[in-house]
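Undergrad: Everything below, folded, please.
(chains A and B)
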Amino acid sequence: MGSITLEHVNKSFGEVEIIPDISLDIKDGEFVVFVGPSGCGKSTLLRLIAGLEDTTSGHIKLDGQDVTDAPPARRGLAMVFQSYALYPHMSVRDNIAFPLKMAKMPQAEIDKKVEYAARTLNLGSYLDRRPRALSGGQRQRVAIGRAIVREPKAFLFDEPLSNLDAALRVNMRLEITELHQQLKTTMIYVTHDQVEAMTMADRIVVLNAGNVEQFGSPLDLYKKPANRFVAGFIGSPRMNFVDGPEAEKHKAHSIGVRPEHFTLSTTAGAGQWSGTVNVAEQLGSDTFLHVEVDGLGLMTVRTDGDRTFAHGDKVYLTPDPNRIYRFDAAGKAI
Amino acid sequence: MATRQTRTLARTMMAPAVILLFIWMIVPLVMTIWFSFQNYSLINPMMTGFAGWGNYAYVIGDPSFTQALVNTLLLVGGVLLITVIGGTFLALLLDQPIWGQGILRILVISPFFVMPPVAALIWKNGFMHPGYGMLGHLWKAFGLQPVDWFAQYPLFSVIVIVAWQWLPFATLILLTALQSLSEEQREAAEMDGAKAINRFRYIILPHMARAITIVILIQTIFLLGIFAEIRVTTGGGPGYASTNIAFLVFRTGILSNDIGAGSAGGVVAVIIANVVAIFLMRAVGKNLDA
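TA: The predicted structure follows:
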């Protein structure tokens, strides 16, 4: 069991208000990702849930029980830190066993659980090594192992993959998702990487300046962004925005078109907007064109990987009329 | 990773300093060894010539030597015990966020800036004097007979004074070690359900092991040669009760004007220091391996 409810949580450091007022309802067994730009308060929010920071006002409930004033150890949550925070002077075995030892569990039972965790995470042959002798990915696994042996009500991940290289990150992303399907425990995962958020989450919380911009499933956020911030943050490469008279044609203050929602043509006049290719990023599977659109500025356009473009090529763009996002002056979606 | 040229250059540039230091060390050492085998007394200039092992037999055979050796070990051990435990405790306290932290830290470090003879004098007259010392007044305030510290507990008194001087050093080194412990590790331990005492035992203490080793090694080197505090307070007495090896060398060589025997004592002191250093490196040096 591990449902987490935040009620009007506020956090200030002296004069500085980091989180003005957040209410969230996280269901048992859900994989929720907090995503937002750096400094948006997502890590602080996670630390509030963990109990490593005190709330200034508001309540945090675990399974309906108020834990606002409970110390971290009493909340029964496990956290995986960005730096992994492994204990350097202990072997991998002792690291994983540490929370159990602190809970005064009998040694035989500890051994069984450590063995199980090591098997789940493929750590068997490293158990007697020190963290220093492990690679980044292995350290990450040990940190996760230390979290799962406690059988916590929920897992908290604080940007756990940001210290890994790109290939390993994709791997670990899958492993954590698989782990979630296996354990079916609530997980809260903090990241600034919207790709991680989109691929892993059941539901995503988009945070900006301490406020929840939107809370919904990844596809919801992609298809129906509540405002301009979410629209720009979710999706890669990011959405193109157009203000001014062109937007007024659509009865909006500004409009947004995702790079993948353009029809591209090289025939003169065969498009609504015309522009010049600035840079073409060839990824093989896709090509991303940075196009200087006449009168509207720089836009990113996705096209298939088989077409080649050069700097200075003239292109003609037509946005998909059903997928033009419209925003009012305050940035709210219309 | 240096090239051959830079290595040669480095050796050439360092050579004068190394040679100078080597001469500075080797000349007095050789002279001391030379004198230790000579009959050389300032009181009796007629007595000269090769003494063989006579000076050594005289110094080591004397009962005061055994006592001085025991006193040296008690002094070093006692001060280490007080400074390491007290230093850890003070470092833990000073690591807490409090108002006036900067000034407090300077205050804590300040005893280290007081010269040993001055510190000893402050303690001798300001605190431990039975007639007008602070401790004497304190005893009297409770209606007790003031303790004549240097007469009744001479070695203990010296240990207290030296420990007071070295406590700041230990505190400072241990505090920096404490501050280098990553905040996330502490938090992880907290999340793992470790209480304050367990966090100290399993996380903080192992983290400080290397710093404690350094404190022990450096202090031992200096504590083996404690002299000024003894000279100023007890003068090694009563009897030989507070005489360590260094002070015994001074008593034999300077006070008794027997340069030969004093030199022999000095050579023995050098050997003892090296033996202690080797044992120490064996015992605690493994903590220094990265």
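Undergrad: So A:Arg238, which state does it fall into?
TA: coil (DSSP: H, G, I helix; E, B strand; the rest coil).
Undergrad: Measure how buried it is and give me the count.
TA: When neighbours are counted by other C-beta atoms under 10 Å in any protein chain shown, A:Arg238 registers 15. Where you see a C-beta, it was placed from the backbone N, CA and C, and this is true even at glycine.
Undergrad: And the one 5 residues further on, by the same measure?
TA: Counted with other C-beta under 10 Å, residues neighbouring A:Asp243 total 14.
Undergrad: ok, then the element right after the lowest-mean-pLDDT helix or strand in chain A?
TA: Using mean pLDDT, DSSP states H and E, helix A:245-248 stands out as the lowest-scoring helix or strand of chain A, at a mean of 82. Counting by DSSP states H and E, the element after helix A:245-248 in chain order, helix or strand, is strand A:254-257.
Undergrad: Not counting the very next helix or strand once past that following strand itself, show me its contacts.
TA: As assigned by DSSP H and E, the chain's next helix or strand after strand A:254-257 is strand A:262-265. Strand A:262-265 is contacted from outside by A:271, A:289, A:301-303, A:315-320, using C-beta atoms under 8 Å, 6 or more residues apart in numbering or on different chains.
Undergrad: quick one: which of those has the most company?
TA: Highest neighbour count within the contacts of strand A:262-265: A:Val301, with 27 neighbours (other C-beta under 10 Å).
Undergrad: surely that one meets A:Asp286?
TA: No - using C-beta atoms under 8 Å, A:Val301 is not in contact with A:Asp286, being 10.3 Å away.
Undergrad: Include secondary structure when you put the contacts of strand A:262-265 into a markdown table, please.
TA: Formatted as a markdown table, those follow (three-state DSSP):
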| residue | secondary structure |
| --- | --- |
| A:Gly271 | coil |
| A:Leu289 | strand |
| A:Val301 | strand |
| A:Arg302 | strand |
| A:Thr303 | strand |
| A:Val315 | strand |
| A:Tyr316 | strand |
| A:Leu317 | strand |
| A:Thr318 | strand |
| A:Pro319 | strand |
| A:Asp320 | coil |
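Undergrad: got the residues you listed as JSON lines, with pLDDT and distance to A:Asp28 columns?
TA: Formatted as JSON lines, the contacts of strand A:262-265 follow (pLDDT from 0 to 100; distance: C-beta to C-beta, whole Å):
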{"residue": "A:Gly271", "pLDDT": "82", "distance to A:Asp28": "50"}
{"residue": "A:Leu289", "pLDDT": "90", "distance to A:Asp28": "45"}
{"residue": "A:Val301", "pLDDT": "90", "distance to A:Asp28": "43"}
{"residue": "A:Arg302", "pLDDT": "90", "distance to A:Asp28": "38"}
{"residue": "A:Thr303", "pLDDT": "88", "distance to A:Asp28": "43"}
{"residue": "A:Val315", "pLDDT": "89", "distance to A:Asp28": "50"}
{"residue": "A:Tyr316", "pLDDT": "90", "distance to A:Asp28": "52"}
{"residue": "A:Leu317", "pLDDT": "89", "distance to A:Asp28": "46"}
{"residue": "A:Thr318", "pLDDT": "89", "distance to A:Asp28": "46"}
{"residue": "A:Pro319", "pLDDT": "88", "distance to A:Asp28": "42"}
{"residue": "A:Asp320", "pLDDT": "88", "distance to A:Asp28": "39"}
